[in-house]
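Asks: For reference, the sequence and a predicted model appear below.
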Amino acid sequence: QVQLVESGGGSVQAGGSLRLSCAASGYIYCSFDMSWYRQAPGKERELVSVIDSDGSTSYADSVKGRFTISQDNAKTTVYLQMNSLKPEDTAMYYCKIDRHACRVWASRAWWGQGTQVTVSS
């Protein structure tokens, strides 16, 4: 069973930085994308950033130029470096793995439990 564990959340003042980490364990068997989502109180969960199986990255417009997604060489950990944080970045941040279908394995997704980020003005 694949498990994702996020860490690195916390409380910072506006303009500050945080680095989130998401460590994956278990066998995924196929290529996969790793991504970060966030959900603020009363709002829908939204995609923040993705790093796909070939290393290409993409970002929500609201975080472009401020956030950077990366992963380790083993592709077991994904990071989200968040700079110039704003109060509107306050949310629970979730890590996700999307497995592509291959051989006998179907596509599927796994989510972490989330880590809270709070940015005060």
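Replies: Ah, there it is. Residues are numbered from 1 along each chain as shown.

Asks: residue nearest the centroid of this structure?
Replies: Trp36 (2.2 Å; CA atoms, centre = their mean).

Asks: Unless I misread the structure, that one falls within a strand.
Replies: Yes. With DSSP: H, G, I helix; E, B strand; the rest coil as the criterion, Trp36 is assigned to a strand.

Asks: residue contacts, it?
Replies: Going by CB atoms under 8 Å, 6 or more residues apart in numbering, Trp36 touches 20, 22, 47-50, 69, 78, 80, 93-96. Yep, even glycine has a C-beta here, placed from its N, CA and C like the rest.

Asks: Give me the average confidence score over stretch 108-121.
Replies: Across stretch 108-121, pLDDT averages out at 97.

Asks: ditto for stretch 61-74
Replies: For stretch 61-74, the per-residue pLDDT averages 96.

Asks: pLDDT score for the closest residue in space to Ser107 that isn't next to it in sequence?
Replies: Of all residues not flanking Ser107 in the chain, Ala101 sits nearest, at 4.3 Å (CB to CB, 6 or more residues apart in numbering). Looking at Ala101, its pLDDT stands at 88.
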